[in-house]
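# Sequence and predicted structure, then a few things I'm wondering about:
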Amino acid sequence: MSLSMHVNPDHLVREAHDKKTHHHNLTKTNPDALSRTYGARYGTNPIAKYTFASKGISADAAYQLIHDELSLDGSATLNLASFVHTWIPEPAMKLMQENMNKNLIDQDEYPMTQIIHTRCISMLADLWHAPSSRNAIGTATTGSSEAIQLGGLAMKRIWQEKRKAAGKSIHEPGPNIVMGANAQVALEKFARYFEVECRLVPISEESKYRLDPKKVMQYVDENTIGVFVILGSTYTGHYEPVKEISDLLDEYEAKTGHSVPIHVDGASGAFVAPFATPKLEWDFKLPRVVSINTSGHKFGLALVGVGWVIWRSKEFLPKDLIFELHYLGSVEYSFSLNFSRPAAPIIAQYFNLLHLGFEGYRAVALNDLQNARLLSRALERSGYYHVLSDIHRPSGGGEAAKDFDEESIESYEPGLPVVAFRFSDSFKEKYPDLQQKWIQTLLRSKGWIVPNYELAPDLQSIEILRVVVRENLTEVLIDRLVADLMEITESLSSKDSPAHGLSILEGLHRKKGEHREGKLEEGAGSESSGTYAKQC
Ligand SMILES: *Cc1c(COP(=O)(O)O)cnc(C)c1O
């Protein structure tokens, strides 16, 4: 057999099967008769992967096969790439299981679930200082993405109503929305899907890799439906300066008469800032903040499937977006994009609000931040890495004062428990051939999932590694992570390191996986401009 440069793995496996004999082998047992999962014929025979099978398989066999294949997924605990929470206490899990089959939209059938949903909204409105939590209005969503679409739509509709009332066109030149180039993909999706011009303000080192208050006003005009301000940039965890931008928009309104609202994307931060840094001004205390979204499944500590959007009062949610449903005997109101949605994650959210309370959430946030500082300092002290996030640095920038209290959260720059880091300049100078993305590959081989990303425009040339410090990334694990990172970095930089072999590993990474039937091919998305090829 000749060595070929490329083999088709599906074909290869098909050909490698035992060939059917034409004799009757009477001593052979009928494998279908065996009920043991691994003794069933699916232990050796192929199952349908791409075509619709005519016959099914037993529930036990289906379970075991799927379970086994899924064990190739990464570990949720070691997934340091995601902001999405991966752990809840047993009693919360029990509640979720008990309610797994409930649909939130069935308000008439599950009235108590609906009441719990409403309580969560009131609690969040209260936490975020809505002027009257009775007047605030909101809804659960599947995550921040849906919540952001709703927040954006409300601002767009209000701008349209104002333009129409003033006898002005809503089409020429049409609406625009302003946000930092570091915006999470959900924010740009709103602009594209709902046909609003997306004005991205470039980031810089000086702007701390986020919306630049020095530049933002160059992008605002009378057709700006609002500014998306992100509490907790996904790249580096920096909070965008909501108060400063609100003040600039106040000045703009005083000068021009145009009132431009703020929607705060608090996907992560709206469940961190109120507890860790309650003095920070970013929420409904600022009159210009008309709506806020958060992901209950990030630092809200619920499991995946719940987000929230809240408007400061009903006047900011145009009636036009609210549907009255006459459904199974009662009247209900709906203003979300989805109709059906699982109730279980919302119940887990309520569990956390009840179980943890303000003090519990504060304790979790402070722990996460403390562990993030530990990791940041260890990385910097190694000399190999430079840390871009600032939560381990004294607040207000500059050097630590003499009476600097290392244990007090007040001493530090506010932000998310996120550690964004890159090779230090001296390390890069010494080992110019080493590629930072190899660290991602090598950590993955030890089980850790730590992504390596490019920063947003105009800093695309800088790559960062990013660790999100969630509740389950305890000090013990940070300890291991630092040890593994140091070992990997040192082995790469040692003289006889076969580092070049890594470029092969990378190729493997990209090619592996099965054929992409039913899946988009690489390059099927809009052209990667550094804007649409985004980290999450
Ligand atoms: C995660 C995130 C989103 C999207 O939230 P989902 O809950 O995943 O839909 C939007 N904005 C920011 C800043 C985020 O971190």
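All right, it came through fine.
# What parts of the stretch 251-400 of the chain come near the ligand?
Listed as neighbours of the ligand in the stretch 251-400 of the chain under the rule CB under 6 Å from any ligand atom: Asp265, Ala267, Ser268, Ser295, Gly307. (Each C-beta comes from the backbone N, C-alpha and C, glycine too.)
# and what of the stretch 51-200 of the chain?
Counting by CB under 6 Å from any ligand atom, the residues of the stretch 51-200 of the chain near the ligand are Phe83, Gly143, Ser144, Ser145, Gln184, Ala186.
# Helices - which of these land there?
Ser144, Ser145, Ala186 (DSSP state H).
# Who wins on neighbours among these?
In terms of neighbours by other CB atoms under 10 Å, these top out with Ser144 at 28 neighbours.
# In a markdown table: the residues of the stretch 51-200 of the chain next to the ligand, plus pLDDT.
Below are those laid out as a markdown table (pLDDT from 0 to 100):
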| residue | pLDDT |
| --- | --- |
| Phe83 | 97 |
| Gly143 | 98 |
| Ser144 | 98 |
| Ser145 | 98 |
| Gln184 | 96 |
| Ala186 | 97 |
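# Relative to the ligand, how far out is Ser461?
Distance, Ser461 to the ligand, using CB to the nearest ligand atom, to the nearest Å: 23 Å.
# Ok, Ser58 next?
Applying CB to the nearest ligand atom, the value for Ser58 to the ligand is 36 Å.
# Same question for Glu205.
Taking CB to the nearest ligand atom, one finds Glu205 at 20 Å from the ligand.
# In three-state terms, label that residue for me.
Here Glu205 is recorded as coil under DSSP: H, G, I helix; E, B strand; the rest coil.
# Grab the nearest non-local neighbour of it.
Leu459 (7.1 Å; CB to CB, 6 or more residues apart in numbering).
# hang on, Leu353 is in a helix, isn't it?
Yes: the assignment for Leu353 (three-state DSSP) places it in a helix.
# residues contacting it?
Cys120, Met123 (CB atoms under 8 Å, 6 or more residues apart in numbering).
# what's the pLDDT at it?
pLDDT for Leu353: 98.
# of the residues of the stretch 51-200 of the chain next to the ligand, closest to Tyr431?
Nearest to Tyr431 out of those is Phe83 (CB to CB; 31.1 Å).
# any idea how far that closest one lies from Tyr361?
Between Phe83 and Tyr361 the computed distance is 16 Å (CB to CB, to the nearest Å).
# list the contacts for Phe299?
Contact analysis of Phe299 by CB under 8 Å, 6+ apart lists Phe83, His85, Ser268, Gly269, Phe271, Val272, Val364, Ala365, Asp368, Leu416, Arg470.
# I meant to write Arg373 there.
Ile391, His392, Tyr412.
# In these, which residue is surrounded by the most others?
Ile391 (27 neighbours).
# one step back: give me the number of residues near the residue nearest to Glu205?
By other CB under 10 Å, 21 other residues sit near Leu459.
# Is it part of a helix or strand, or is it coil?
Leu459 is classified as coil under three-state DSSP.
# give the contact list for it.
Leu459 neighbours (CB under 8 Å, 6+ apart): Ile203, Ser204, Glu205, Tyr209.
# The same query, at a cut-off of 7 Å, please.
Contact analysis of Leu459 by CB atoms under 7 Å, 6 or more residues apart in numbering lists Ile203, Ser204, Tyr209.
# The ligand versus the second one, what's the distance?
In this view, Ser204 and the ligand are 19 Å apart by CB to the nearest ligand atom.
# export stretch 471-479 as CSV, just CAs?
What follows is stretch 471-479 as a C-alpha-only set of coordinates in CSV (Å, rounded to 0.1, in the frame of the first residue of the first chain):
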residue,chain,number,x,y,z
GLU,A,471,-16.3,30.7,41.2
ASN,A,472,-15.0,27.2,40.6
LEU,A,473,-11.5,28.3,39.7
THR,A,474,-10.3,28.0,43.3
GLU,A,475,-6.9,28.9,44.6
VAL,A,476,-5.8,25.2,44.4
LEU,A,477,-6.6,25.2,40.7
ILE,A,478,-4.9,28.6,40.1
ASP,A,479,-1.8,27.1,41.8
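# just checking, which of the contacts of Arg373 belong to helices?
Among those, no member lies in helices (by DSSP H).
# between the residues you listed, which is nearest Gly43?
Ile391 (51.1 Å).
# what's near enough to touch that closest one?
Gly237, Leu369, Ala372, Arg373, Tyr412, Glu413, Gly415, Pro417.
# What ranges does the stretch 351-500 of the chain have for its strands?
385-387, 418-423, 452-454, 463-468 (DSSP state E, counting those that start in this stretch).
# Least confident of those, on average?
Among these, strand 452-454 carries the lowest mean pLDDT (a mean of 94).
# re earlier: and the strands of the stretch 351-500 of the chain, which is most packed in?
Of all those, strand 418-423 has the most neighbours on average by mean count of other CB atoms under 10 Å, namely a mean of 24.
# Which strands and helices lie in contact with that one?
Other helices and strands packing on strand 418-423, by 3 or more CB pairs under 7 Å, 6 or more residues apart in numbering; DSSP states H and E, are helix 344-382, strand 385-387, strand 463-468.
# Please repeat the previous calculation with a cut-off of 10 Å.
The elements that strand 418-423 packs onto, with contact taken as 3 or more CB pairs under 10 Å, 6 or more residues apart in numbering; DSSP states H and E, are helix 344-382, strand 385-387, helix 425-430, helix 437-445, strand 463-468, helix 475-493.
# can I get the CA coordinates of that strand in CSV?
Written as CSV, here are the backbone C-alpha positions of strand 418-423 (Å, rounded to 0.1, in the frame of the first residue of the first chain):
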residue,chain,number,x,y,z
VAL,A,418,-10.6,38.4,34.2
VAL,A,419,-6.8,38.1,33.6
ALA,A,420,-5.7,39.1,30.1
PHE,A,421,-2.0,38.6,29.4
ARG,A,422,0.6,38.3,26.8
PHE,A,423,4.3,37.5,26.4
